[in-house]
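# no FASTA, just this:
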């Protein structure tokens, strides 16, 4: 679940699709009435992969990102002024595998995290032992591989979710397979 910056729309993933498919998942928006607590579904779009597990909205409320675990993909969607979700403008697939053949035979995107300033999108991938980094332009929606394209983890770590320190100078990552937490110094201006 992600909440729009104006707190009028809630976004969710619909974790559909079997592990062998590339389709089936979806993202949906719901208008939220703070006075009554009611929700009304306003839009749904295919997530661009199987088993979407994470959704995130940009700070300016113009873009939505969804990570698809089983297909190792993530998608970017434009958002209208009233919060409805448009057709995906990007669907990016990761490639590779990790050291743990039982858990890492293919990519498994676990999240889509934006830096506070919306300059970078970080995408932890449990299946390839990397957090992939993408340059992001919040005004235009342009997304491209960053100059420093990834943060590598030791084989068999399985990075799953991340969190930034309030100063934005440190990044913390949960490693699902090892059960560890990794800490990194992070330069928010360069993405390194």
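Sure, I can see it. A quick note: this is a predicted structure, and the numbers were derived from the prediction, not measured. Numbering: from 1, shown residues only.
# where in the protein is pLDDT low?
18-23 (pLDDT under 70).
# Select the longest strand from it.
Longest strand of the chain, by residue count under DSSP state E: strand 143-152.
# The following helix or strand past that one: which residues count as buried?
Using DSSP states H and E, the helix or strand that follows strand 143-152 in sequence is strand 159-164. Within strand 159-164, the residues scored as buried using 16 or more other C-beta atoms under 10 Å are 159-162, 164. C-betas here are computed from N, CA, C, even on glycine.
# What are the contacting residues of strand 159-164?
110-111, 113, 115-116, 122, 124-126, 129-131, 153, 170-176, 182, 186 (C-beta atoms under 8 Å, 6 or more residues apart in numbering).
# Between strand 159-164 and the longest strand of the chain, find me the angle.
100 degrees (axes from the mean of the first three to the mean of the last three C-alpha atoms, to 10 degrees).
# Show me what strand 143-152 pairs with in its sheet, parallel or antiparallel.
Each strand paired with strand 143-152, and its direction, by DSSP bridges: strand 130-136 (antiparallel).
# coming back round to it: outside of the longest strand of the chain itself, list whatever touches it.
Residues contacting strand 143-152 (C-beta under 8 Å, 6+ apart): 76, 90, 92, 120-121, 129-137, 171, 173, 184, 190-192.
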